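> just need the structure, nothing else, for what follows:
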Amino acid sequence: MSRRRFAQAAAVLLALTFGLPAGAGAEGPQRFVTVDGRRLVAPDGQTLLLKGINLGNWLMPEGYMFKFKKAKSPRRIREAVEHVLGPSDTAVFWQTFRERYITRDDIRLIRSLGFNTVRIPLHWGLFMSADDPPVIGGDGWPLLDRLIGWAGEAGLRVVIDLHAAPGGQTGINHDDGSGYPLMFYVPRHQRATIALWREIASRYRDEPVVLGYDILNEPIAPFHDVALLNPRLERMYRRIVAAIRTVDPEHLVFLNGAQWATSFAMFGPPFDDRLVYTYHKFWSATTRQAIAEYIDFRNRHDVPIWLGESGELTDAWTREFRELHERHGIGWSFWTYKNLDTGSSVVTIPRPAGWDAVISIADGGAATAPGGAALAGPAELDGAAAVQAAQAALAAYLRNIELGNCAINRGYVEALGLRVPHDTGLPDAGPPTTEPG
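A predicted model of the protein is given here:
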């Protein structure tokens, strides 16, 4: 029996002996979600099946969510916006973007649809400096605090996900690094990552709205030196979790597998009593065989597993994949809540007029329509006209991301086994005007 389970059993025995309320102990009733073998257990003692949605793009922009083909990383996206707006207006753009992209109304909508969890991808640069040692601070902290407050009001739980760690943990645009997972090589990046997680855990240690900490998103891309790097992953997780536990003994810790969170092969037996092992799976078969290795890992080690990201395909596929997981008692969190001109998100942002000028500038060449026809960009407009068109499109984008200007993808929501209330105030989305991606 683990130490955690022994303590839980002792608490029950005390309750029975002294007539205390169920779940009570020296520290009072349980406030946090716990682990019992393969189950997540809510404070009321019931099994908790996570039904989540990712808040992608908000605090960790991704180029494909702006329809960019080359400007994929946050750094390249910022450079593109600054090329159009200049430094001063770029700062205003991002401040406005973060204020409008996710609001209290968005969180209330998410809860009204039937989700019980949101996963929040973060970029380290919004929470600490690049110094060695880093200075904790940045625009991200008040935004994250506010989001957690809104989630608590709505009855949602929050998973904090470090999508971009210092130095980069993945080795692709997802982590805003150099194109190589330098965090696993450079000690100062490792120290910064550990320091950030210790600060997050210290800040939210008493917050039951926070379900847990998703340590590193999709570490170690498959085209890097996996034979060298994979054995380093669990060692890094142990260091981070040890730092977290110095300030926070209660919250769950989510561990992504390697190769974009598809492989658990490098993991040994669990080294902490509140670990959840999480995988990401896109565009796979919808049969048990597609997730058999994760189920086998769960059964072998008696631990919970979680589908942390999936989606970006048809409603029919989404329904089948979600149902597959629920048949096997596995919670999920699909990607993503809000996106530009798409049918594979909860809500879709209308594509602004002139958006192709933004794409053309961001990607460094003339944009093309889905059928291959050239669209207006620097190749067709003089430089000043192209920039002016892009400026107008970016201003329209900031208006369009407000929830009241979006539309809801009813089929996507229903494919997740959820229901769209009649009073959302949002229209049903039509087909996207551009090809996916």
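> mind showing which ranges of the protein have poor pLDDT?
1-28, 365-382, 434-437 (pLDDT under 70).
> tell me, what residue is most central in it?
With distances taken as CA atoms, centre = their mean, residue 121 lies nearest the centre of the chain, 3.6 Å away.
> for residue 256, give me phi and psi.
When read as degrees, to the nearest 10, the backbone of residue 256 gives phi -70, psi 140.
> again with residue 311
phi 130, psi -150.
> give me the sheet partners of the helix or strand hosting residue 278 and which way each runs.
Assigned by DSSP states H and E, residue 278 falls within strand 275-280. Sheet pairing for strand 275-280, assigned by DSSP bridges, gives strand 252-256 (parallel), strand 305-309 (parallel).
> now the strands for the chain?
With DSSP state E applied, the chain shows strands at 34-36, 39-41, 51-54, 117-123, 157-164, 210-214, 252-256, 275-280, 305-309, 331-334, 338-340, 347-349, 407-408, listed in chain order.
> and residue 148, which of those is closest to it?
Closest to residue 148 of the strands of the chain, according to CB to CB: strand 157-164, at 5.5 Å. From N, CA and C alone the C-beta is placed, and that goes for glycine too.
> ok and that closest one relative to strand 252-256, angle-wise?
40 degrees (axes from the mean of the first three to the mean of the last three CA atoms, to 10 degrees).
> residues contacting the residue nearest to the centre of the chain?
Residue 121 makes contact with 54-56, 58-60, 161, 163, 217 under the criterion CB atoms under 8 Å, 6 or more residues apart in numbering.
> got it, and residue 79?
Shown in contact with residue 79 (CB under 8 Å, 6+ apart): residue 71.
> cutoff 10 Å now
71, 73, 90, 362 (CB atoms under 10 Å, 6 or more residues apart in numbering).
> same check on residue 108?
Here residue 108 is in contact with 150, 153-156, 403, 424 (CB under 10 Å, 6+ apart).
> what do you get for residue 47?
With CB under 10 Å, 6+ apart, residue 47 has these contacts: 36, 38-41, 329, 331.
> mark which of those are buried, thanks.
With neighbours counted by 16 or more other CB atoms under 10 Å, the contacts of residue 47 contain buried members at 38, 40-41, 331.
> now for those: which two are most distant?
Of all pairs in the buried ones among the contacts of residue 47, the most separated under CB to CB is 41 and 331 at 12.5 Å.
> what do the two both touch?
47-48, 304.
> now these in a markdown table, with distance to residue 264?
A markdown table is the format used below for the shared contacts of residue 41 and residue 331 (distance: CB to CB, whole Å):
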| residue | distance to residue 264 |
| --- | --- |
| 47 | 22 |
| 48 | 22 |
| 304 | 13 |
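> whichever of the contacts of residue 108 end up buried, select them in ChimeraX.
A single ChimeraX command selects the buried members of these (16+ other CB under 10 Å):
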select :150,154,156,403,424
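> from the contacts of residue 108, which land in helices?
150, 153-154 (DSSP state H).
> in JSON lines: those residues, plus distance to residue 342.
Formatted as JSON lines, the ones in helices among the contacts of residue 108 follow (distance: CB to CB, whole Å):
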{"residue": "150", "distance to residue 342": "24"}
{"residue": "153", "distance to residue 342": "28"}
{"residue": "154", "distance to residue 342": "24"}
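> ok, these vs residue 396, which is closest?
Of the ones in helices among the contacts of residue 108, the one sitting nearest to residue 396 (CB to CB) turns out to be residue 150, at 26.1 Å.
> excluding its backbone neighbours, what's nearest that closest one?
residue 107 (4.3 Å; CB to CB, 6 or more residues apart in numbering).
> quick one: neighbours of that neighbour, just the number.
Residue 107: 26 surrounding residues under other CB atoms under 10 Å.
> just to check, it is in contact with residue 117?
No - judged on CB atoms under 10 Å, residue 107 makes no contact with residue 117 at a distance of 11.7 Å.
> now for the two: what residues contact both?
Common neighbours of residue 107 and residue 117, using CB under 10 Å, 6+ apart, are 151, 156, 158.
> list the residues that contact the first one.
Counting by CB under 10 Å, 6+ apart, residue 151 makes contact with 104, 107, 110-111, 117-118, 120, 157-158, 207, 209-211.
> which one of those residues is nearest residue 416?
The closest of these to residue 416 turns out to be residue 110 (CB to CB; 11.4 Å).
> isn't that closest one right up against residue 53?
Yes - between residue 110 and residue 53 there is a contact under CB under 10 Å: 6.1 Å.
> okay, and the common contacts of those two?
By CB under 10 Å, 6+ apart, the residues touching both residue 110 and residue 53 are 116-118, 156, 337-338, 346, 418.
> next, format those as TSV and append distance to residue 266.
Output for the shared contacts of residue 110 and residue 53, formatted as TSV (distance: CB to CB, whole Å):
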residue	distance to residue 266
116	30
117	26
118	28
156	32
337	31
338	34
346	33
418	35
